[in-house]
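Undergrad: Please find the sequence and the predicted model below.
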Amino acid sequence: MITIPLSSTKKGVISVTKIERPYGEDSDPVASIGISLSGNAESPEWKVHIPMDNLADVIKALQNLKENS
């Protein structure tokens, strides 16, 4: 798991990890991105699962957002 300090918070973190079988044996891997205001990366208040097949497109979209902000 990678943790990144969450900007504009005292203890908040962003956590990024890969989950191999998030929804059971037959499910495909996902990138899990969590936000914890309390700093507990293991139990984030918000999270999103991005299928690994979509990860490259999401990274491109985020990079585009960064470059055009």
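TA: All right, it came through fine.
Undergrad: Now do the nearest residue to residue 35 once chain neighbours are set aside, the pLDDT please.
TA: The shortest distance from residue 35 to any non-neighbouring residue, by Cβ to Cβ, 6 or more residues apart in numbering, is to residue 46 (4.5 Å). Heads up, the C-betas are built off the backbone N, CA and C, glycines and all. Reading off the confidence values, residue 46 has pLDDT 97.
Undergrad: what's the answer for residue 69, then?
TA: The model's pLDDT for residue 69 equals 89.
Undergrad: before we move on, what about residue 31?
TA: 98.
Undergrad: check contacts around the closest residue in space to residue 6 that isn't next to it in sequence.
TA: In this structure, residue 6 finds its nearest non-sequential neighbour in residue 12, 3.2 Å apart by Cβ to Cβ, 6+ apart. Taking Cβ atoms under 8 Å, 6 or more residues apart in numbering as the criterion, residue 12 is in contact with 5-6, 35-39.
Undergrad: any chance of these in CSV, with pLDDT too?
TA: Listed next are the contacts of residue 12 as CSV, based on pLDDT from 0 to 100:
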residue, pLDDT
5, 98
6, 98
35, 98
36, 98
37, 97
38, 97
39, 97
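Undergrad: Can you tell me which of those lies closest to residue 58?
TA: Nearest to residue 58, judged by Cβ to Cβ, of these is residue 35 at 15.8 Å.
Undergrad: chain center to the helix or strand harbouring the closest one: distance?
TA: In this structure, residue 35 sits in strand 30-36 according to DSSP states H and E. Computed by Cα atoms, centre = their mean, to the nearest Å, the chain-centroid distance of strand 30-36 equals 3 Å.
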